[in-house]
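>>> Mind folding the following:
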Amino acid sequence: MIVLGYLLAVLVGISLGFFGGGGSILTVPLLVYVFGLDAKQAIASSLLIVAIASVSGTVQHWRAGNVRPREGLFFGTAGMLGAYLGGRASAFLDGGLLLLLFAAMMLLTAGAMWRSRPAARAPESESIPSPPKLVLQGFAVGLFTGLVGAGGGFLIVPALALWAGLPMAAAVGTSLLIIVLKSGAGFLGYASYVAVDYGLVAGVAGAAIAGSFIGSRAAALVEPDSLRRAFAAFVMAMACFILIREGTLLAETLSPALPSTWPQVTFAIVLLALGVLAGRISKRAEVATSAFSEGGGI
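Predicted coordinates:
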């Protein structure tokens, strides 16, 4: 089982080098389901592993000209603050809930990446995002990824590609620089109250670094739009796995509180129907008010 775990850790590095993210998407389930850590230990360890492995990937992409330091530092510095605060806030939330929240955000991100279309290239002077925008995006992404223990590549790459307007190759390379900064900050937030097995972290990180060399070289051979679609499919598959695994446990926990008799079920259905009806009435009222204000009611 341990050997399998280290082999899978190589895939973590391949993911980081190829996609510019996805390291924590693999590392958290790997540490929980293969190495047997509890959710918060796995999240804390994952942040440190991904930070270490991302250094190697950043250097390789830098040499290929795929790292934008300006965007990376603005986004990453704000993300560090958000990640630290998110890591501290996680102490007040259940580990299983954090994993479900993690998976739900993964699904939303994968859908956005899959549906997006490559935009026409704008002049270089017009494609540079403003620092305030980068700082705001970086803080928001950092806060969430620090909370759920992700390096954040699955959010950073879409943010840089869809919002900041970077080409996909540059979004992947710059994402790794941001992940180094943000994962380190998130780990510090967890390290204040979570015990970490540094021997295990070193072993998994070493295997991931080896994989990052493979991933970085493979990324240079793939067409950008295909890379975007592959990233989206990968994130979606991992999200479904976590939702099924953790959702089943949650359902077993909550099942005693669910309606179990016909009167209880009927009552729940009536409440649901009333809620839907109230929503429709409210929507019709808004439409009628809008039409009247525009002259439609005269």
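
>>> Could you tell me how many residues sit around W62?
Residues lying near W62 (other Cβ atoms under 10 Å) number 15. Heads up, the C-betas are built off the backbone N, CA and C, glycines and all.

>>> do V3 as well
Using other Cβ under 10 Å, V3 has 7 neighbouring residues.

>>> how many other residues sit next to Y198?
10.

>>> ugh, wrong one, V157
Neighbours of V157 (other Cβ under 10 Å): 29.

>>> ditto for L162
Other residues close to L162 by other Cβ under 10 Å number 15.

>>> Repeat that for S45.
28.

>>> can you tell me the helix or strand for it?
Using DSSP states H and E, S45 sits in helix 39-63.

>>> The helix or strand following that helix to helix 39-63, inter-axis angle?
Counting by DSSP H and E, the next helix or strand C-terminal to helix 39-63 is helix 69-89. Angle of helix 69-89 versus helix 39-63, following axes from the mean of the first three to the mean of the last three Cα atoms, to 10 degrees, is 170 degrees.

>>> helices or strands next to helix 69-89 in the packing?
helix 131-148, helix 168-191 (3 or more Cβ pairs under 8 Å, 6 or more residues apart in numbering; DSSP states H and E).

>>> Now render those as TSV, adding mean pLDDT, distance to V34 and mean neighbour count.
Listed next are those as TSV, based on pLDDT from 0 to 100; distance: least, Cβ to Cβ, whole Å; neighbours: other Cβ atoms under 10 Å:
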stretch	mean pLDDT	distance to V34	mean neighbour count
helix 131-148	82	19	21
helix 168-191	85	20	27
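
>>> quick one, which of these is nearest to S216?
helix 168-191 (8.8 Å; Cβ to Cβ).

>>> can you give me the angle the closest one makes with helix 69-89?
Using the same axes, to 10 degrees, helix 168-191 lies at 30 degrees relative to helix 69-89.

>>> Report the angle between helix 168-191 and helix 131-148.
50 degrees.

>>> can you give me the offset of helix 168-191 from its chain's centre?
The chain centre lies 11 Å from the centre of helix 168-191; the measure is Cα atoms, centre = their mean, to the nearest Å.

>>> And the pLDDT for F35?
Looking at F35, its pLDDT stands at 91.

>>> still on that earlier bit, distance to D225 for the helices and strands packed on helix 69-89 - can I get that in a markdown table?
A markdown table is the format used below for the helices and strands packed on helix 69-89 (distance: least, Cβ to Cβ, whole Å):
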| stretch | distance to D225 |
| --- | --- |
| helix 131-148 | 23 |
| helix 168-191 | 8 |
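
>>> closest to G65 out of those?
Of all these, helix 168-191 comes closest under Cβ to Cβ, at 8.1 Å.

>>> and that closest one, what does it pack onto?
Helix 168-191 is packed against helix 2-19, helix 39-63, helix 69-89, helix 131-148, helix 153-158, helix 224-254, with contacts defined by 3+ Cβ pairs under 8 Å, 6+ apart.

>>> Now with 7 Å, please.
helix 39-63, helix 69-89, helix 131-148, helix 153-158, helix 224-254 (3 or more Cβ pairs under 7 Å, 6 or more residues apart in numbering; DSSP states H and E).

>>> got the angle between it and helix 2-19?
Using the same axes, to 10 degrees: helix 168-191 against helix 2-19 is 130 degrees.
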